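J.: After the sequence you'll find the predicted model.
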Amino acid sequence: MNYYGLSQHYRPIPGIDQWIRRRLRMCFWKQWRRPRTRIRNLLRLGASKLHAIGLVSAARDTGICPGPLPLSPE
């Protein structure tokens, strides 16, 4: 193996990165409590209007509008 080759310590990093990104999304989603705020902030982040409204209405339809979106199982 070369000196600059990938080590065994690199392997868990993508999983940790996914977990951190998911938790950050959940924290922002909880911070944006109202649907109007969620749509406005999603538009500010660059989402299309239809996609932003779809995300917020999906959260409302599942009955978790005040809380975070459901996390995908690992």
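T.: Looks like it arrived, so ask away.
J.: Now the helix or strand hosting residue 26: average pLDDT?
T.: In the assignment (DSSP states H and E), residue 26 maps to helix 13-31. In this model, helix 13-31 has a mean pLDDT of 87.
J.: what helices or strands is it leaning on?
T.: The criterion is 3 or more CB pairs under 8 Å, 6 or more residues apart in numbering; DSSP states H and E, and there are no helices or strands that helix 13-31 contacts. From N, CA and C alone the C-beta is placed, and that goes for glycine too.
J.: Let me know the next secondary structure element after that helix.
T.: Per DSSP H and E, the first helix or strand lying C-terminal to helix 13-31 is helix 35-44.
J.: Give the buried residues for that next one.
T.: Neighbour-count burial for helix 35-44 flags 35, 38-39, 42 (criterion: 16 or more other CB atoms under 10 Å).
J.: Check which helices and strands it sits against.
T.: Checking 3+ CB pairs under 8 Å, 6+ apart, helix 35-44 ends up next to helix 49-61.
J.: Report the buried residues of the helix it packs on.
T.: 52-53, 55-56, 59.
J.: do the same with stretch 11-30
T.: For stretch 11-30, by 16+ other CB under 10 Å, it's residue 29.
J.: can you pull the contacts of the closest residue to residue 35 other than its chain neighbours?
T.: Of all residues beyond its chain neighbours, the one nearest residue 35 is residue 56 (4.8 Å), with distances taken as CB to CB, 6 or more residues apart in numbering. Neighbouring residues of residue 56 by CB atoms under 8 Å, 6 or more residues apart in numbering: 35, 38-39, 42, 65.
J.: State the distance from residue 56 to residue 23.
T.: 20 Å (CB to CB, to the nearest Å).
J.: got it, and residue 32?
T.: 15 Å.
J.: Over to residue 55?
T.: For residue 55, the distance to residue 23 - CB to CB - is 18 Å.
J.: ok, now how distant is residue 23 from residue 35?
T.: Residue 23 is 22 Å from residue 35, by CB to CB.
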